[in-house]
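Asker: would you be able to build a 3D model of this:
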Amino acid sequence: MSPKASSENGIEGNDEREVQSQDSEEDEDEDEQEEGDEEEEDEPRLKYQRMGGSVPLLLSSDAASCIAVAERMIALGTHDGAVHILDFLGNQVKEFPAHIATVNDISFDLEGEYIGSCSDDGSVVINGLFTDERMKFEYHRPMKAIAIDPYYGRKSSRRFVAGGLAGHLYLNTKKWIGYRDQVLHSGEGPIHAVKWRRSLIAWANDAGVKVYDIANDQRITYIERPRGSPRPELLLPHLVWQDDTFLVIGWGTSVKIASIKTDQNNDTNGAYRHITMSSMNQVDIVASFQTSYYISGISPFGDSLVVLAYIPGEEDGEKEFSSSIPSCQGNAQRPEVRVVTWNNDELATDALPVHGFEHYKAKDYSLAHAPFSGSSYAGGQWTAGDEPLYYILSPKDVVIAKPRDAEDHISWLLQHGWHEKALAAVEAGQGRSELLDEVGSRYLDHLIVERKYAEAASLCPKLLRGSASAWERWVFHFAHLRQLPVLVPYIPTENPRLRDTAYEVALVALATSPSFHKDLLFTVKSWPPVIYSTLPVISAVEPQLNTSSVTDALKEALAELYVIDAQYEKAFALYADLMKPDLFDFIEKHNLHDATREKVVQLLMIDCKRAVPLLIQHRDLITPSEVVSQLLDSTSSSDSRYLLHLYLQSLFETNPHTGRDFHDMQVELYADYDPKMLLPFLRSSQHYTLEKAYEICVRRDLLREQVFILGRMGNSKQALAVIINKLGDIEEALEFVSTQQDDELWEELIRQCLHKPEMVGVLLEHTVGNLDPLYIVNIVPNGLEIPRLRDHLVKIITDYRTETSLRHGCNDILKADCVNLLIKYYKEARRAICLSNEDAEARVKRDDNRASQFSERGPSMKTMGVKSKTRAGGRCCVCFDSFSIQNVSVIVFFCCHAYHLTCLEDSTHSVNGEGPAPSRDSVSYYGYENGDAEDDEEDENEGTSSGVPRMRCILCTTAAG
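Answerer: Numbers count the residues shown, from 1 in each chain. Sure thing, here's the model as predicted:
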């Protein structure tokens with residue numbers, strides 16, 4: 001039953017081979033499967049080979065009658081009386097024309113140097129294989145069995161035992177005077193078989209099997225002939241020594257195994273040591289069973305037995321054995337080789353295709369085996385070099401059977417489809433290491449046929465190992481079957497490293513189906529970039545970006561390929577579409593700020609906290625208009641508007657004028673996402689349209705913002721109405737009216753508050769300093785109940801008293817300041833200034849220095865401008881001459897009277913009646929001294945202390961002192 005394709009084992013539906021429908025065969029397949037389970041074939045224990053060499057030619061004109069196997073050769077007896085010595089390949093080495101009739105039995109010594117044979121012509125012949133030694137003994141009756149001493153070549157006694165139809169078992173020994181026969185037994189019918197092992201001789205006659213100890217010269221045991229068995233001359237008994245202890249007897253349909261425990265030992269030269277009769281041998285039948293077939297030969301097989309079975313027909317019985325002539329009817333079955341345990345448990349059964357088997361009887365077959373150590377069989381396999389060989393003889397054929405080795409076991413497993421067991425056997429070290437390649441290849445082929453692609457792929461690392469050529473062959477084979485994606489995870493990247501093409505084909509195969517795009521991404525990330533070329537893969541992947549099969553994993557894989565190929569801008573575009581969190585690090589690493597121009601929305605959606613500073617920092621590359629345009633065009637309107645708000649807010653905080661074109665938009669964004677910050681924005685910005693902003697605030701019911709905008713628009717009354725009617729905050733209304741400095745607005749406030757008694761009281765409290773409370777009280781309608789009026793009036797009176805007290809204090813302070821300033825002015829006005837020509841330059845310098853040191857003395861700096869304002873039009877008030885006529889110093893007073901110095905001195909002395917005028921230096925000194933006294937006493941002291949009288953204006957009493 002061919003397996004169905006399964007998605008678990010590969011890509012379902014992509015195999016190019018035709019999938020046949022099996023619905024109509026399900027019942028039949030189930031029946032066949034049940035029958036197959038019942039008749040499960042056991043693995044054979046032996047393998048067979050027909051002997052070639054000289055054997056086909058020898059038996060073409062003759063027929064084989066018996067066979068014996070030594071350690072180094074094979075002896076084949078024929079019906080023509082010849083004994084042929086063959087090697088193990090069947091090539092003839094020697095030929096002994098020993099007899100003139102059928103050779104019935106052949107025996108080798110232990111060393112394989114001598115061979116004995118017996119024949120129906122009544123003779124026994126001993127031949128040396130490596131010498132010309134030959135001895136022939138005549139017994140005048142057909143001899144059926146012979147066994148020469150195992151140590152025949154070592155001993156001078158040259159012993160052998162033989163027997164035949166005469167019923168005597170002869171022991172032939174070489175004496176001083178020649179060879180002498182000793183009859184060991186007689187009187188129980190013909191001797192049919194004899195075997196010699198060490199000192200023990202076992203033979204079979206019509207009565208049964210007897211064992212004789214030649215070392216003690218005594219018979220050890222007697223084993224009775226199985227009841228109901230055919231007569232011995234028709235179906236011969238078979239005796240085999242498994243080792244020195246066990247004797248295997250196969251007779252008719254009965255098998256017995258006797259254990260003979262003896263205390264005899266032999267020296268190194270083969271001589272036996274005699275022990276007393278008290279040390280008796282012990283014989284036990286350790287195994288016995290009946291078979292359903294006739295035994296044509298038996299041999300040990302380790303701890304088991306190999307039996308050459310003859311299967312009798314339905315009418316077989318004594319009639320089958322009535323004639324020794326081959327049947328002409330040709331209805332016999334194939335002989336079988338069966339491996340059984342001592343409990344008759346069959347381990348294996350093989351039918352042999354022997355030439356002419358249809359015409360042969362049970363006694364026409366025989367079985368011989370090469371000497372081996374019976375303990376070498378363990379664990380189901382023979383140790384190397386210790387395998388026994390079995391030879392199945394028929395008249396025209398010799399078939400060699402030997403235990404199957406590990407390679408045979410593996411081959412049998414492969415033939416029966418048990419590839420996994422075969423692989424396990426190879427991995428366990430059974431067989432040559434080269435078998436792994438063969439087993440692996442056949443196992444993979446089997447899995448491919450069974451459509452178990454995933455299982456086949458998982459076994460590739462184990463089966464293909466380090467063979468780059470094998471890996472490449474299977475990569476392309478999977479690609480041909482369109483199953484390469486299941487193999488990709490197992491493809492090695494080193495030890496071995498494949499050709500670039502193999503890796504590129506694998507990556508392209510992963511890109512063909514959306515179900516493998518994640519595997520493509522993982523593979524691109526995990527494979528070293530040096531093992532393949534990215535360009536062929538990119539060329540194969542790029543066209544899929546515009547198809548419906550594109551996935552995020554495919555985009556990311558392509559982006560990784562772009563990075564490997566140093567196409568960072570293309571990689572950035574894909575990463576941005578995929579919203580990769582580490583995109584900002586990628587931008588900084590590869591300096592991709594220019595590439596961000598088209599991916600503003602993606603950057604903001606990935607991480608607005610990092611994207612906004614980035615866009616503002618590089619606003620020379622990405623202008624605010626570009627950012628706003630992309631956000632407005634974004635399909636995700638809600639998210640994009642919020643991101644736009646964050647961007648414009650940060651831009652405004654950085655530079656209020658950079659985004660002035662978007663302040664109208666920003667008003668609406670603030671109203672939607674951050675209403676608390678709208679009022680500060682309205683106060684800070686001058687670039688938004690008041691009407692639009694007001695409409696937005698009205699729609700959002702933002703009252704304080706409406707008040708601010710109405711106030712800026714000049715509509716104070718409406719703003720006041722909003723405060724009073726909607727906000728109901730009289731204190732804010734008072735603050736608003738106070739900032740407007742509009743009396744009509746106060747009237748409006750009072751008018752609107754009269755309708756709300758609770759506001760009248762508050763209004764009365766806050767009018768102190770702004771309005772007369774009596775004015776408000778007078779216009780309040782009679783009967784209007786004002787809450788807490790008494791408290792409000794008390795507070796008004798208290799505030800009024802406080803205000804009055806403050807005003808009086810302020811007035812006192814102002815009066816005191818005025819008096820002090822007038823006194824200071826008076827003192828300054830009393831001082832004259834001398835404008836002497838000779839001292840002009842020095843005086844200017846002194847005035848500048850004095851002005852810098854005494855900046856508070858402002859009047860002294862203004863004297864230079866007084867000349868143009870002097871009364872009498874720039875003439876001396878005494879002589880009325882122009883100041884420009886006489887080259888005399890001029891004295892100017894703050895009363896705007898000017899005098900020539902000489903005229904003033906003369907007039908002053910004439911008025912006072914004093915002596916001559918003071919010197920020019922003295923006048924110049926006093927005139928320059930502008931005085932800094934604090935009071936009149938200081939002025940008098942200053943004047944009298946120098947002994948020079950003070951100069952005074954003679955026309956103006958303001959200068960009188």
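
Asker: drop to CA atoms for contacts and neighbour counts, all remaining ones
Answerer: Will do.

Asker: surely residue 370 meets residue 69?
Answerer: Yes. Here residue 370 lies in contact with residue 69, judged by CA atoms under 8 Å, at a distance of 5.3 Å.

Asker: between these two, which one's more packed in?
Answerer: residue 69 (24 against 17; other CA atoms under 10 Å).

Asker: look at the more buried one and report its pLDDT.
Answerer: Looking at residue 69, its pLDDT stands at 93.

Asker: same thing with residue 546?
Answerer: At residue 546, pLDDT is 86.

Asker: average pLDDT for the helix or strand that contains residue 817?
Answerer: Per DSSP states H and E, residue 817 falls inside helix 789-829. On average, the pLDDT along helix 789-829 is 83.

Asker: figure out how far that helix is from the centre of its chain.
Answerer: 88 Å (CA atoms, centre = their mean, to the nearest Å).

Asker: and that helix, what does it pack against?
Answerer: Helix 789-829 makes packing contacts with helix 757-766 when contacts are defined by 3 or more CA pairs under 8 Å, 6 or more residues apart in numbering; DSSP states H and E.

Asker: pLDDT of the helix it packs on, averaged?
Answerer: 65.

Asker: check the spacing between the spatially most central residue of the chain and residue 461 real quick.
Answerer: Taking CA atoms, centre = their mean, the centroid of the chain lies closest to residue 522, which sits 7.2 Å from it. Separation of residue 522 from residue 461 (CA to CA, to the nearest Å): 19 Å.

Asker: ok, residue 702 next?
Answerer: Per CA to CA, residue 702 is found 73 Å from residue 461.

Asker: likewise residue 675?
Answerer: Residue 675 is 66 Å from residue 461, where distance means CA to CA.

Asker: please apply the same query to residue 243.
Answerer: 49 Å.

Asker: residues in contact with residue 79?
Answerer: By CA atoms under 8 Å, 6 or more residues apart in numbering, the contact list for residue 79 reads 62-65, 101-103.

Asker: again, but for residue 207
Answerer: Counting by CA under 8 Å, 6+ apart, residue 207 makes contact with 188-189, 224-225.

Asker: what kind of secondary structure is residue 495 in?
Answerer: coil (DSSP: H, G, I helix; E, B strand; the rest coil).

Asker: of all the contacts of residue 207, which comes closest to residue 213?
Answerer: Proximity of those to residue 213, judged by CA to CA, is greatest for residue 224, which lies at 18.2 Å.

Asker: next one: phi and psi at the nearest residue to that closest one once chain neighbours are set aside?
Answerer: With CA to CA, 6 or more residues apart in numbering as the criterion, residue 224 has its nearest non-adjacent residue at 4.4 Å, and that residue is residue 208. Backbone torsions for residue 208, taken as degrees, to the nearest 10, come to phi 160, psi -150.

Asker: residue contacts, residue 208?
Answerer: By CA under 8 Å, 6+ apart, residue 208 lies in contact with 222-226.

Asker: quick check: it vs residue 510, distance?
Answerer: 80 Å.

Asker: what's the answer for residue 600, then?
Answerer: 32 Å.

Asker: tell me how many other residues crowd residue 170.
Answerer: 20.

Asker: that one touches residue 148, doesn't it?
Answerer: No. Using CA under 8 Å as the test, residue 170 is too far from residue 148 to be in contact (11.3 Å).

Asker: which neighbours do the two share?
Answerer: What both residue 170 and residue 148 touch, as defined by CA under 8 Å, 6+ apart, is the set residue 161.

Asker: from the contacts of residue 208, list just the buried residues.
Answerer: 222-223, 225-226 (16 or more other CA atoms under 10 Å).

Asker: would you map the strands across the stretch 301-450 of the chain?
Answerer: Secondary structure of the stretch 301-450 of the chain by DSSP state E, counting those that start in this stretch: the strands cover 304-310, 336-340, 346-351, 366-369, 377-378, 381-382, 390-394, 397-403.

Asker: can you pull the buried residues of the third one?
Answerer: Read that as strand 346-351. In strand 346-351, counting by 16+ other CA under 10 Å, buried: 347-350.

Asker: can I get these in JSON lines including distance to residue 534 and pLDDT?
Answerer: Output for those, formatted as JSON lines (distance: CA to CA, whole Å; pLDDT from 0 to 100):
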{"residue": "347", "distance to residue 534": "61", "pLDDT": "88"}
{"residue": "348", "distance to residue 534": "60", "pLDDT": "88"}
{"residue": "349", "distance to residue 534": "61", "pLDDT": "91"}
{"residue": "350", "distance to residue 534": "61", "pLDDT": "90"}
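
Asker: which residue ranges of the stretch 601-750 of the chain form helices?
Answerer: For the stretch 601-750 of the chain, the helices defined by DSSP state H, counting those that start in this stretch occupy 608-617, 624-633, 637-654, 663-673, 678-684, 690-700, 703-713, 716-721, 730-740, 743-753.

Asker: what's the spacing between the residue nearest to residue 604 when sequence neighbours are not counted and residue 452?
Answerer: Of all residues not flanking residue 604 in the chain, residue 611 sits nearest, at 5.3 Å (CA to CA, 6+ apart). Separation of residue 611 from residue 452 (CA to CA): 51 Å.

Asker: what's the answer for residue 331, then?
Answerer: Taking CA to CA, one finds residue 331 at 48 Å from residue 452.

Asker: those two: which is more packed in?
Answerer: A count of neighbours by other CA under 10 Å puts residue 452 above the other of residue 331 and residue 452, at 20 against 12.

Asker: tell me how far the more buried one lies from residue 441.
Answerer: From residue 452 over to residue 441 (counting by CA to CA), the distance is 14 Å.

Asker: what's the answer for residue 237, then?
Answerer: Taken as CA to CA, the span from residue 237 to residue 441 is 50 Å.

Asker: more neighbours: which of the two?
Answerer: residue 237 (30 against 17).

Asker: wait, doesn't residue 504 sit right on residue 536?
Answerer: Yes. At 7.1 Å, residue 504 counts as touching residue 536 under the criterion of CA under 8 Å.

Asker: okay, the two: which has more neighbours?
Answerer: Using other CA under 10 Å, the more surrounded residue of residue 504 and residue 536 is residue 504, with 19 against 14.

Asker: so which helix or strand takes in that one?
Answerer: helix 500-511.

Asker: for residue 173, give me its contacts.
Answerer: 157-160, 179-182.

Asker: circling back to that earlier point, now the contacts of residue 79 as a markdown table including pLDDT?
Answerer: Below are the contacts of residue 79 laid out as a markdown table (pLDDT from 0 to 100):
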| residue | pLDDT |
| --- | --- |
| 62 | 92 |
| 63 | 94 |
| 64 | 94 |
| 65 | 94 |
| 101 | 94 |
| 102 | 95 |
| 103 | 96 |
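
Asker: residue 437: which of those residues is nearest?
Answerer: residue 64 (43.8 Å).

Asker: the closest one and residue 395 touch, don't they?
Answerer: Yes. Residue 64 is within contact range of residue 395, at 4.5 Å (criterion: CA under 8 Å).

Asker: quickly list what residue 366 is bridged to.
Answerer: residue 393 (DSSP bridges).
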